[in-house]
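> 3D model of this:
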Amino acid sequence: MTLAILRAAFLLLLRDRGALLMALVVPVVFFMIFAEIFATAAGDQLQLRIAIVDEVKSDESTRLLAALTAEPAIRPVPGALTRESARDLVRRGTADVGLIIRADGEDLATAAGLAAPPLLLLVDPSRSVTATVLSGQLQRAYFTALPDLAVGRVAELIGTAFTTFTPEQQAEIAAGLKDLRNRAGTEQPAGWTFDELVERDNVAGQNAALNNVAYYAGAVAFMFLLFAAAQSALGILDDQEAGILDRIAAGPGGIDVVINGRFLFIVLQGLVQTCLIFGVAWLAYGVDLPGNLGPWAMISVSSAVLAAGLGLLLVTGCQTRAQAQVLPTVVILIMSAIGGSMVPRFFMPHWLQQLGWATPNTWALEAYSGVFWRSEPALQLVPICFSLFGIGIAALGLSHWLGRRLVRD
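As a prediction, the model looks like this:
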């Protein structure tokens with residue numbers, strides 16, 4: 001009897017394509033997505049988009065940047081012509097971090113911590129890990145491309161604080177430094193401290209913790225908008241199984257009134273969800289919701305409209321309730337993983353970041369980031385909000401067509 005039940009369960013799984021998909025395909029897809037993300041973040045494949053500005057253009061700065069940009073992990077971002085343009089690229093998320101070899105700091109060749117450091121990192125606090133990675137790459141490039149400077153400082157310190165070199169010794173040191181310079185890039189790093197050469201400057205947000213709270217408030221809110229929309233849209237199939245849908249469809253409004261009613265309910269439900277999540281972010285963590293109420297409302301309404309339209313489209317596109325319980329979940333989970341609702345996008349490889357733009361999650365998160373991180377004016381958010389709203393209405397229109405087919409079937 002036990003074997004018979006086992007056989008029946010196995011045959012049932014084979015017949016249910018949705019369950020088979022969830023049991024065998026979705027776990028593999030998720031593994032591949034997260035393996036790609038974390039293998040990239042933890043290994044040598046992590047690529048940083050760097051906005052680089054060389055205000056000095058000296059021999060030392062040129063050598064340093066040549067060694068830095070030769071690293072596979074570094075991708076210079078075009079368009080960084082001045083310090084302010086680099087700051088803007090980081091603030092808008094086009095670059096992960098900015099690097100300025102500044103003219104108003106100490107000389108790269110003689111810096112000793114007595115004035116502003118020669119290297120300035122422009123950092124988005126919500127992505128502060130990128131500055132740490134860049135600092136490591138800079139240190140490696142410095143000791144690879146400029147070993148003569150590193151060793152020269154040590155010799156200068158010894159000659160000033162501990163002893164006086166004879167002219168012959170000074171000549172030998174100069175010759176040795178010249179040799180180091182000529183062999184730059186072929187030796188192992190010298191291992192000299194690097195901290196006094198670098199300064200960080202936050203370009204957006206109040207602090208990293210607060211920016212992360214704002215990010216995940218948007219990420220979680222949008223992901224659960226999609227889940228709640230799909231769950232609520234299932235009510236249409238419940239009405240179909242109960243025979244209610246056919247009776248309503250025979251009336252003057254047809255199936256459209258059912259879909260429109262569900263759509264409005266899902267939009268309002270989504271707004272309540274978003275209000276609760278961001279309300280907690282404001283009251284418990286200090287996210288500036290009152291100061292950004294207008295832009296936040298614009299994004300939240302657009303996101304709720306898109307989630308409602310997409311949820312209805314996914315459900316009405318299914319033939320049975322069993323399919324409708326599986327397909328939306330699969331689609332939403334994959335979109336959320338790729339779009340940044342589960343893992344910050346800057347951890348992803350470049351191709352996966354670009355693929356994220358095919359998901360509404362990325363668009364919504366970029367809009368929320370523009371409000372709470374980068375303090376962008378509402379006018380700059382209009383194209384994103386218009387796109388989300390338009391896609392939601394288009395999905396609603398397709399849901400009407402699929403709903404009529406559902407009644408005919």
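> rest of the way, CA atoms for contacts and neighbours
Will do.
> shouldn't R92 be in contact with G370?
Yes: assessed by Cα atoms under 8 Å, R92 is found in contact with G370 at 7.2 Å.
> check which residues of the one helix or strand L283 maps to are buried.
Here L283, judged by DSSP states H and E, is contained in helix 255-285. Residues 255-256, 258-260, 262-263, 265-267, 269-271, 273-275, 277-279, 281-282 are the ones in helix 255-285 that count as buried (16 or more other Cα atoms under 10 Å).
> report all helices and strands that the top strand by length along the chain contacts.
Selection of the longest strand in the chain by residue count, based on DSSP state E, yields strand 48-54. Applying 3 or more Cα pairs under 8 Å, 6 or more residues apart in numbering; DSSP states H and E, one finds that strand 48-54 contacts strand 74-76, helix 83-91, strand 97-101.
> which of the ones you listed sits most buried?
With neighbours defined as mean count of other Cα atoms under 10 Å, the helices and strands packed on strand 48-54 peak in mean count at strand 97-101, which reaches a mean of 28.
> neighbouring contacts of it?
48-56, 61, 83, 86-87, 90, 118-124, 130-131 (Cα atoms under 8 Å, 6 or more residues apart in numbering).
> hang on, the earlier thing: ok, and for the next helix or strand after the longest strand of the chain, which residues are buried?
Per DSSP H and E, the first helix or strand lying C-terminal to strand 48-54 is helix 59-69. For helix 59-69, the neighbour count (16+ other Cα under 10 Å) marks 60-61, 63-65, 67-69 as buried.
> coming back round to it: right, and the helices and strands packed on strand 48-54 - which one's nearest A228?
For the helices and strands packed on strand 48-54, proximity to A228 was assessed by Cα to Cα; helix 83-91 is nearest, at 32.1 Å.
> I'd like the helices and strands packed on strand 48-54 laid out as TSV, including mean pLDDT and distance to N211.
Formatted as TSV, the helices and strands packed on strand 48-54 follow (pLDDT from 0 to 100; distance: least, Cα to Cα, whole Å):
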stretch	mean pLDDT	distance to N211
strand 74-76	88	24
helix 83-91	88	12
strand 97-101	91	16
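> among those, which comes closest to G218?
Per Cα to Cα, nearest to G218 of the helices and strands packed on strand 48-54: helix 83-91, 17.7 Å.
> roughly how far is that closest one from the heart of the chain?
Between the centre of helix 83-91 and the centre of its chain there are 18 Å (Cα atoms, centre = their mean, to the nearest Å).
> the inter-axis angle of that helix versus strand 48-54?
Angle of helix 83-91 versus strand 48-54, following axes from the mean of the first three to the mean of the last three Cα atoms, to 10 degrees, is 170 degrees.
> got a list of contacts for helix 83-91?
Helix 83-91 is contacted from outside by 51-53, 79-80, 95-98, 100, 122-124, 203-204, 373-374, using Cα under 8 Å, 6+ apart.
> how about stretch 318-336?
Applying Cα under 8 Å, 6+ apart, the set of residues contacting stretch 318-336 is 18-19, 22, 26, 30, 223, 226-227, 230-231, 234, 237-238, 311, 314-316, 342, 356, 359-361, 406.
> so which bits of that stretch are buried?
318, 321, 323-330, 332-336.
> next, give me the two most distant ones among these.
R321 and S336 (22.8 Å).
> which ones are touching V26?
By Cα under 8 Å, 6+ apart, the contact set of V26 is V330.
> quick check: it vs L333, distance?
According to Cα to Cα, to the nearest Å, V26 and L333 sit 9 Å apart.
> would you list the buried entries among the contacts of strand 97-101?
Buried among the contacts of strand 97-101 (16+ other Cα under 10 Å): 48-54, 56, 61, 83, 86-87, 90, 118-124, 130-131.
> so which residue is dead centre in this structure?
R345 (2.4 Å; Cα atoms, centre = their mean).
> you'd agree that one is up against G339?
Yes: using Cα under 8 Å, R345 is in contact with G339, at 7.3 Å.
> shared neighbours, those two?
By Cα under 8 Å, 6+ apart, the residues touching both R345 and G339 are Q353.
> find the nearest non-adjacent residue to G311, please.
A230 (4.3 Å; Cα to Cα, 6 or more residues apart in numbering).
> quick check, that neighbour in contact with V315.
Yes: A230 lies in contact with V315 (Cα under 8 Å); the separation is 6.7 Å.
> any buried residues in the longest helix seen in the chain, and which?
Scanning the chain for the helix with the most residues, using DSSP state H, yields helix 208-241. For helix 208-241, a neighbour-count test (16+ other Cα under 10 Å) marks 208, 210-234, 236-237, 240 as buried.
> what's the answer for stretch 367-384, then?
Under 16+ other Cα under 10 Å, the buried positions of stretch 367-384 are 367-374, 376, 378, 381, 384.
> D288 is nearest to which of the helices and strands packed on strand 48-54?
That would be helix 83-91 among these, by Cα to Cα, at 17.6 Å.
> count the residues that sit near A8.
12 (other Cα atoms under 10 Å).
> one more: A95?
For A95, using other Cα under 10 Å, the count is 26.
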